[in-house]
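Enquirer: generate a structure from the sequence data that follows.
(one chain, ligands or ions: 1)
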Amino acid sequence: MKPVDYVHGYSAHESRRLGDQADTLAELLHAGTAYPPGSKVLEVGCGVGAQTVHLVAASPQARFTAVDISADSLAAARARVTADRPRASVTWHQADLFDLPFPEATFDHVFVCFVLEHLADPQRALTALRRVLRPGGTLTVIEGDHGSAFFHPDSADAHAAIGCQVRLQRAAGGNALLGRQLHPLLTTAGYQGVTVRPHPVYADRSRPPLVEGFTRNTFITMIESVREDALAAGLTTPEAFDRGVTDLYRTAGEDGTFHYTFFKAVAVNPDWPPSPRASR
Ligand SMILES: C[S@@+](CC[C@H](N)C(=O)[O-])C[C@H]1O[C@@H](n2cnc3c(N)ncnc32)[C@H](O)[C@@H]1O
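Expert: Reported below is the predicted structural model:
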């Protein structure tokens, strides 16, 4: 099974970035996500386990299954979680989320973070996940939305550099503006009781851990990493892209501020197979 060709890639650099992102945002993203003892939880697209360690910490007695399409990421995830939580109950599977090797209604809960934004058909993915989620079970989805990035000092060059990332992700079949679409996506995929909450991150010099962990190490690092691809695709020039990144670093400086919003959805699977009335 080949890892998907997705915009962030599978480098050691990206693995570190995912870890910084998850650790910095753990409280923000995982607040309210705790699963009962003994419940069976599937994490889809676990990557290098950056979110898995936080899931396990919040629900130490739940029984987790983590899947990813990349064997290397899965091995890194297993090593990370074993080192951090040696007693955690996690089983690992290399699998494509569109073709999961589990019977119907295997899981009580499903958790998906920063995966749908890399898929050409996120709605089909959400429908496929209903098959393995028991009726009455919950799905939790977390996604960002690069359209929510605004900052001081404002800069057209910085917005243009972010725009390169958005266009490259679209060219790779994904959507970096997916957060705002979670409610319609989940509803159309047949979920019920859909609630979506925005989780804004705001960093200024009074919050040094967020400036370092989010503005610099998560967001700007992600934009910087697409420089060569953006140049190769003819989306920008070296000078323009570098000006944009320099301006982004100003937002992490003494008088800079940075805002971004994540979206977290929780929904219930009413049934499987979908009843004709509920499916749309
Ligand atoms: C941006 S990473 C997010 C990893 C992790 N959820 C996190 O928040 O740190 C996206 C992950 O989704 C996985 N992925 C993409 N398409 C997949 C598919 N069709 N089936 C399973 N995993 C997939 C990728 O291999 C990658 O590890």
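Enquirer: can you verify my assumption that residue 247 contacts residue 158?
Expert: Yes. Using C-beta atoms under 8 Å, residue 247 is in contact with residue 158, at 4.1 Å. Where C-beta positions appear, they are placed from N, C-alpha and C, glycine not excepted.
Enquirer: out of those two, which sits in the more crowded spot?
Expert: For residue 247 versus residue 158, neighbours defined as other C-beta atoms under 10 Å are more numerous around residue 158 (24 against 20).
Enquirer: can you pull the contacts of that one?
Expert: 151, 244, 245, 247, 248, 251 (C-beta atoms under 8 Å, 6 or more residues apart in numbering).
Enquirer: also residue 222?
Expert: Applying C-beta under 8 Å, 6+ apart, the residues contacting residue 222 are 8, 17, 165.
Enquirer: which SS class is the closest residue to residue 85 other than its chain neighbours?
Expert: Distances taken as C-beta to C-beta, 6 or more residues apart in numbering place residue 56 nearest to residue 85, at 5.0 Å, with adjacent residues excluded. Put simply, residue 56 is helix when judged by DSSP: H, G, I helix; E, B strand; the rest coil.
Enquirer: do the one 5 residues further on as well
Expert: Secondary structure assignment for residue 61 (three-state DSSP): coil.
Enquirer: next one: residue 160 from the ligand, what distance?
Expert: As judged by C-beta to the nearest ligand atom, to the nearest Å, residue 160 and the ligand stand 23 Å apart.
Enquirer: quick one: buried residues of the one helix or strand that residue maps to?
Expert: Element membership of residue 160, judged by DSSP states H and E, is helix 156-171. Buried residues in helix 156-171, counted by 16 or more other C-beta atoms under 10 Å: 157-169.
Enquirer: the ligand contacts on the stretch 1-150 of the chain?
Expert: Taking C-beta under 6 Å from any ligand atom as the criterion, the neighbours of the ligand within the stretch 1-150 of the chain are 3-4, 6, 8, 18, 22, 45-47, 50-51, 67-70, 73, 96-98, 113-115, 118.
Enquirer: in helices, which of those residues fall?
Expert: 18, 22, 73 (DSSP state H).
Enquirer: what's the pLDDT at the first one?
Expert: Same thing as residue 18. In this model, residue 18 is scored at 85, pLDDT.
Enquirer: what is the burial count for it?
Expert: Neighbour count of residue 18, defined by other C-beta under 10 Å: 22.
Enquirer: same thing with residue 266?
Expert: The burial count for residue 266: 18, using other C-beta under 10 Å.
Enquirer: parallel or antiparallel, which strands does the helix or strand containing it pair with?
Expert: Per DSSP H and E: residue 266 is located in strand 257-268. Paired with strand 257-268 in the same sheet, following DSSP bridges, are strand 133-143 (antiparallel), strand 150-152 (antiparallel), strand 192-203 (antiparallel).
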